[in-house]
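1. Kindly return the folded structure for what I paste below:
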Amino acid sequence: MGGHAWGKADVDTGRNGLIDYGRFLAALGLVWFDTQAPGFRVAYTALPFYLVLLAMPSNSGVLVQAKRLLLPFLTWSLVFAMLHTALALKSQLPPFEWWRWTMILSGTWIHLWLLPFAFLAALVSPWLRHPLASLGAALLVATLIVLNGYPQTVPFGQWVFGTIPVLVGIAYFSWGWRLAVTTLFLGTLILFLGQPSPDNITILVGTGLALLFLSNHMPATPLSDWCARVSLLLYLSHPLVIIVGQSLRITYIELALFSLVGSVLLAQVIDTVIQASRKGQLDY
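-> Just a heads-up that it's a prediction; the model follows:
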């Protein structure tokens, strides 16, 4: 979530701006998917795209990764817990009837599963950087999916779905696009042959697009820096905007467009508050 405020010339010139634009577009795609508007299955390819980038190497230690990923997980879980409780009371239901034990891992709104999964991916990725490890793990996971299907319990089904894109990302960042393409092709081939599903196409297309973005480079700009900062905020906060749209009885494509614009605006507001807070700490 780091970076400089949009509009300043001081940006990290070592960054690949194309990846930052990709993150932002992926976040928008996931907003569209969650509105279930026409084309939502196409928009769902944004998820494996986003998941591949979780394997991007980081010099940060475990404590820094935990602060970067688990602190927002706890914060937003609290926000959506309050929302759940308010909706339950509005419907005259018990205030905590919505609670499930799996929310310890998935968060209090389903999209929050991504944060603990990202933390787990950061922990295990150093152990899977050998080419045989990443490729072998992807083939094993694909085989287990064919034999057992996806777990029905949240977030384990989402975690299994995300494993192959993350392993392809590990292969790419460790050994380049050839091993990544091989891992993706063989892993999805097993899925296509053993368990035909629209999710197989989603994994193949979304992960392939991520590799395409990673294999090309654009200079970082203030705009790409802004996209990198707000993409996660946009993803985390967008259910709030969708709920507002639904309460206004907006539906269909109009709901998707309302949610896209509203989510970007809300993410910008949150980012402005964060940047102002950091500036205040530095001035102090």
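2. Provide a list of residues in contact with Ala180.
-> Val168, Gly169, Ala171, Tyr172, Leu211 (Cβ atoms under 8 Å, 6 or more residues apart in numbering). Yep, even glycine has a C-beta here, placed from its N, CA and C like the rest.
3. give me that answer again for 7 Å
-> Contact analysis of Ala180 by Cβ atoms under 7 Å, 6 or more residues apart in numbering lists Val168, Ala171, Tyr172, Leu211.
4. Figure out the helix or strand that the second one lives in.
-> Ala171 belongs to helix 156-175 when elements are defined using DSSP states H and E.
5. and that helix, what does it pack onto?
-> helix 46-52, helix 114-124, helix 131-148, helix 177-194, helix 198-214 (3 or more Cβ pairs under 7 Å, 6 or more residues apart in numbering; DSSP states H and E).
6. which helices and strands sit right next to whichever helix or strand comes after the first one?
-> In the C-terminal direction, the helix or strand that comes right after helix 46-52 (DSSP H and E) is helix 62-90. Helices and strands touching helix 62-90, as assessed by 3+ Cβ pairs under 7 Å, 6+ apart, comprise helix 114-124.
7. residues of the helix holding Ala171 that come out buried?
-> Buried residues in helix 156-175, counted by 16 or more other Cβ atoms under 10 Å: 158-175.
8. ok, now stretch 31-42?
-> Buried residues in stretch 31-42 (16+ other Cβ under 10 Å): Val31, Trp32, Phe33, Asp34, Thr35, Ala37.
9. Sort out which of those are in helices and list them.
-> Counted as lying in helices by DSSP state H, out of these, are Val31, Trp32, Phe33, Asp34, Thr35.
10. residues in contact with the fourth one?
-> Read it as Asp34. His238, Pro239, Ile242.
11. do the same with the first one
-> Contacts for Val31 were tallied using Cβ under 7 Å, 6+ apart; they are His238, Ser259, Leu260, Ser263.
12. Now distance to Ala46 too, for those residues, in a markdown table please.
-> Output for these, formatted as a markdown table (distance: Cβ to Cβ, whole Å):
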| residue | distance to Ala46 |
| --- | --- |
| His238 | 12 |
| Ser259 | 14 |
| Leu260 | 12 |
| Ser263 | 13 |
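13. Of those residues, which belong to helices?
-> Counting by DSSP H, the contacts of Val31 contribute His238, Ser259, Leu260, Ser263 to helices.
14. Which members of those define the maximum pairwise distance?
-> His238 and Leu260 (8.6 Å; Cβ to Cβ).
15. Just want to know which of those two has more residues nearby.
-> His238 (25 against 20; other Cβ atoms under 10 Å).
16. For the one helix or strand Ala26 maps to, C-alpha coordinates in CSV please.
-> Using DSSP H and E, Ala26 maps to helix 17-35. Listed in CSV are the C-alpha atoms of helix 17-35, where the atom choice follows Å, rounded to 0.1, in the frame of the first residue of the first chain:
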residue,chain,number,x,y,z
GLY,A,17,3.8,0.5,-14.4
LEU,A,18,1.9,-2.0,-16.5
ILE,A,19,1.5,-4.3,-13.5
ASP,A,20,0.1,-1.4,-11.4
TYR,A,21,-2.4,-0.7,-14.2
GLY,A,22,-3.2,-4.4,-14.3
ARG,A,23,-3.9,-4.5,-10.5
PHE,A,24,-6.3,-1.7,-10.9
LEU,A,25,-8.1,-3.2,-13.8
ALA,A,26,-8.3,-6.5,-11.9
ALA,A,27,-9.9,-4.8,-8.9
LEU,A,28,-12.5,-3.2,-11.2
GLY,A,29,-13.1,-6.6,-12.8
LEU,A,30,-13.8,-8.2,-9.4
VAL,A,31,-16.2,-5.3,-8.5
TRP,A,32,-18.1,-6.1,-11.8
PHE,A,33,-18.1,-9.8,-11.0
ASP,A,34,-19.6,-9.3,-7.5
THR,A,35,-22.5,-7.3,-9.0
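17. Please consider this matter closed, and thank you.
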